[in-house]
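Enquirer: Prediction below, plus the sequence it came from.
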Amino acid sequence: MQNNRVHKNIALLGSTGSIGTQTLDVIANFPKDFKATYLTGNNNTSLLLEQIRRFQPKGVVVSNEKSAKELRKQLGGKTEVLVGEEGLLEIVQRDDVDIVISALVGFAGLKPTIKAIEAKKKIALANKETLVVAGEIIMPLVEKHRIDLLPVDSEHSAIFQCLVGELPNKIEKIILTASGGPFRTKSKAELSKVTREQALKHPNWTMGSKITIDSATLMNKGLEVIEAHWLFGIPLDNIEVVVHPQSIIHSMVEFVDGSIKAQLGIPDMKIPIQYALTYPSRSRSIFPRVHFPTLSEMTFFEPDHENFPCLQLAYDALREGGTIPAVMNAANEVAVAKFLRDEITFLDIPKMISKAMEKHTNKANPSVEEIVDVDRETRRNFQ
Ligand code: NAD
Ligand code: MG
């Protein structure tokens with residue numbers, strides 16, 4: 001049966017999100033190659049319903065029994081409707097899934113990603129939080145089950161592409177580019193007054209609200225440093241961040257001979273999503289191209305650690321290891337949610353995270369269960 005199949009079956013976790021909807025756009029361009037077999041939409045049932053009508057998946061997952069009941073009524077039994085984390089863990093293991101796209105936001109992505117690895121699925125990973133909180137567990141698991149873990153994050157896709165055909169021991173350093181976010185040039189006094197609406201306006205990318213705030217605080221780059229460390233096995237001291245406001249160079253790798261490779265393209269997540277799906281091949285796309293003569297400039301700056309302390313917090317968390325990265329991640333999720341509800345100021349975000357990290361008694365080599373406990377405890381303490 002499996003061998004006669006022409007297309008690859010995809011379980012798209014987080015289909016109603018920014019990465020999820022863009023992934024569906026990519027899938028729609030390759031109807032013979034990919035099929036959206038399972039979709040998951042948490043509590044956005046109206047968008048999920050639209051997606052079901054358009055992509056005809058076999059099954060979907062929603063957050064609770066009530067939404068599931070409503071959806072089942074509307075669908076008349078044609079599509080299987082599963083519920084909650086259990087539903088997510090169930091679909092990623094199914095035989096009729098070839099690729100799992102892990103595009104939930106936040107800590108919720110961890111367990112389904114682990115289950116997908118254990119079920120030996122090819123994984124396209126957008127959910128960076130999985131590697132932030134449990135990289136030490138995830139990477140050996142990937143090796144043990146011999147699966148492909150392909151980065152979707154644009155910087156990591158860039159590095160991955162720069163490394164094709166290269167030997168790991170010839171890498172000198174990774175240079176992660178950062179847009180710097182909407183507040184790059186603001187003073188501390190100005191930062192103390194920025195609003196949620198201003199923070200949600202990213203200059204180059206349209207993304208989910210959590211990662212957009214993370215980009216404004218530079219925590220996103222911190223999470224990406226940790227993600228890069230685990231994905232590519234590069235020591236922290238050999239990962240550099242450079243601010244590049246135009247987001248044309250998506251990241252670079254410097255080799256031992258001083259040669260540097262960079263991957264460039266317009267800032268459009270559909271490009272790295274498509275590469276993760278078609279790797280090791282490439283497929284023609286109709287996305288706009290970079291036109292160098294009209295690119296007025298490409299500029300580069302040191303990150304401003306003074307005004308954006310989240311980046312340093314992430315370096316500190318990775319250096320300490322153990323359960324500290326999970327504390328940092330949970331405190332960040334809580335702080336961002338509070339900022340989005342107008343309960344704290346922009347500058348309170350790093351303060352809250354730093355406080356949570358200071359208060360925590362670190363534990364080395366945690367198990368997944370211990371990481372889950374630390375995540376829960378941190379949320380409880382800082383809610
Ligand atoms: P988003 O908020 O737009 O979408 C998140 C998706 O996850 C939605 O479908 C939502 O319904 C679902 N979801 C949220 N919480 C859930 C929970 N507790 N249980 C089950 N489902 C849940 O987020 P996004 O911007 O698409 O980001 C997704 C991931 O990809 C994040 O880890 C982000 O850091 C990463 N990423 C995003 C971009 C981007 O351009 N958006 C770029 C690089 C990396
Ligand atoms: Mg990124």
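Expert: Thanks, I have the structure now. Ligands and ions are numbered 1, 2, ... in the order given.
Enquirer: Quick check, pLDDT for the residue of the chain found nearest ligand 2.
Expert: When distances are taken as C-beta to the ion, the chain reaches nearest to ligand 2 at Asp153, 4.2 Å away. C-beta coordinates here come from the backbone N, C-alpha and C atoms, glycine included. Asp153 carries a pLDDT value of 98.
Enquirer: Chain neighbours aside, what residue packs nearest to it?
Expert: Lys128 (5.8 Å; C-beta to C-beta, 6 or more residues apart in numbering).
Enquirer: just checking, that neighbour touches Glu227?
Expert: Yes - counting by C-beta atoms under 8 Å, Glu227 is a contact partner of Lys128 at 4.5 Å.
Enquirer: Find residues that contact each of those two.
Expert: Counting by C-beta atoms under 8 Å, 6 or more residues apart in numbering, the residues touching both Lys128 and Glu227 are Asp153.
Enquirer: So which of those two has more stuff around it?
Expert: Lys128 (29 against 24; other C-beta atoms under 10 Å).
Enquirer: Now find how far off-centre the helix or strand hosting Glu240 is within its chain.
Expert: Element membership of Glu240 [criterion: DSSP states H and E] is strand 239-243. Taking C-alpha atoms, centre = their mean, to the nearest Å, one finds the center of strand 239-243 at 18 Å from the center of the full chain.
Enquirer: Likewise for stretch 129-147?
Expert: For stretch 129-147, the distance to the chain centre is 14 Å (C-alpha atoms, centre = their mean).
Enquirer: Keeping just the C-alphas, turn it into CSV.
Expert: C-alpha atoms of stretch 129-147 as CSV (Å, rounded to 0.1, in the frame of the first residue of the first chain):
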residue,chain,number,x,y,z
GLU,A,129,10.5,26.1,22.0
THR,A,130,10.8,22.3,21.8
LEU,A,131,14.6,22.5,21.4
VAL,A,132,14.9,25.4,23.8
VAL,A,133,13.4,23.4,26.7
ALA,A,134,14.6,19.9,25.8
GLY,A,135,17.3,20.1,23.2
GLU,A,136,19.5,17.8,25.3
ILE,A,137,16.8,15.1,25.1
ILE,A,138,15.5,15.7,21.6
MET,A,139,18.8,15.5,19.6
PRO,A,140,19.8,12.1,21.0
LEU,A,141,16.3,10.9,20.3
VAL,A,142,16.5,12.1,16.7
GLU,A,143,19.8,10.2,16.3
LYS,A,144,18.4,7.0,18.0
HIS,A,145,15.3,6.9,15.7
ARG,A,146,17.3,8.1,12.6
ILE,A,147,14.8,10.6,11.5
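Enquirer: ok, it near ligand 1 or not?
Expert: Yes - if you take C-beta under 6 Å from any ligand atom as the test, stretch 129-147 does meet ligand 1, through Glu129.
Enquirer: quick one: average pLDDT of that stretch?
Expert: 98.
Enquirer: Please spell out which residues along that stretch are buried.
Expert: 129-139, 141-142, 147 (16 or more other C-beta atoms under 10 Å).
Enquirer: Please flag which of those residues sit within helices.
Expert: 129-139, 141-142 (DSSP state H).
Enquirer: if we take those residues, which one ends up nearest to ligand 1?
Expert: Lowest distance from ligand 1 to those (C-beta to the nearest ligand atom) belongs to Glu129, with 5.4 Å.
Enquirer: wait, doesn't that closest one sit right on Pro112?
Expert: No - with contact defined as C-beta under 8 Å, Glu129 does not count as touching Pro112 (12.0 Å).
Enquirer: So what touches the helix or strand harbouring Val253?
Expert: Element membership for Val253 (DSSP H and E) is strand 249-255. Strand 249-255 is contacted from outside by 154-159, 162-163, 166, 170-177, 260-265, 272, 298, using C-beta under 8 Å, 6+ apart.
Enquirer: Among those, which ones are in strands?
Expert: Among the contacts of strand 249-255, the members falling in strands (DSSP state E) are 171-177, 260-264.
Enquirer: what about the residue in the chain that ligand 1 sits nearest to, distance to Ala103?
Expert: Of all residues in the chain, Gly17 sits closest to ligand 1, with a separation of 1.9 Å (C-beta to the nearest ligand atom). Gly17 sits 6 Å away from Ala103, going by C-beta to C-beta, to the nearest Å.
Enquirer: Then Thr185?
Expert: 31 Å.
Enquirer: higher neighbour count, these two?
Expert: Ala103 (26 against 11).
Enquirer: Who are the contact partners of the more buried one?
Expert: By C-beta under 8 Å, 6+ apart, Ala103 lies in contact with 12-15, 17, 19-20, 23, 109, 126-127, 152.
Enquirer: what residue ranges in the chain score low on pLDDT?
Expert: For the chain, the stretches with pLDDT under 70 are 1-5.
Enquirer: what residues does it put near ligand 2?
Expert: 153-155 (C-beta under 5 Å from the ion).
Enquirer: about what we covered before: can you verify my assumption that the residue of the chain closest to ligand 2 contacts Glu129?
Expert: No - counting by C-beta under 8 Å, Asp153 sits too far from Glu129 to count as a contact (11.2 Å).
Enquirer: Run me through the strand neighbours of the strand holding Val253, direction for each.
Expert: Strand 249-255 pairs in its sheet with strand 171-178 (antiparallel), strand 260-264 (antiparallel), by DSSP bridges.
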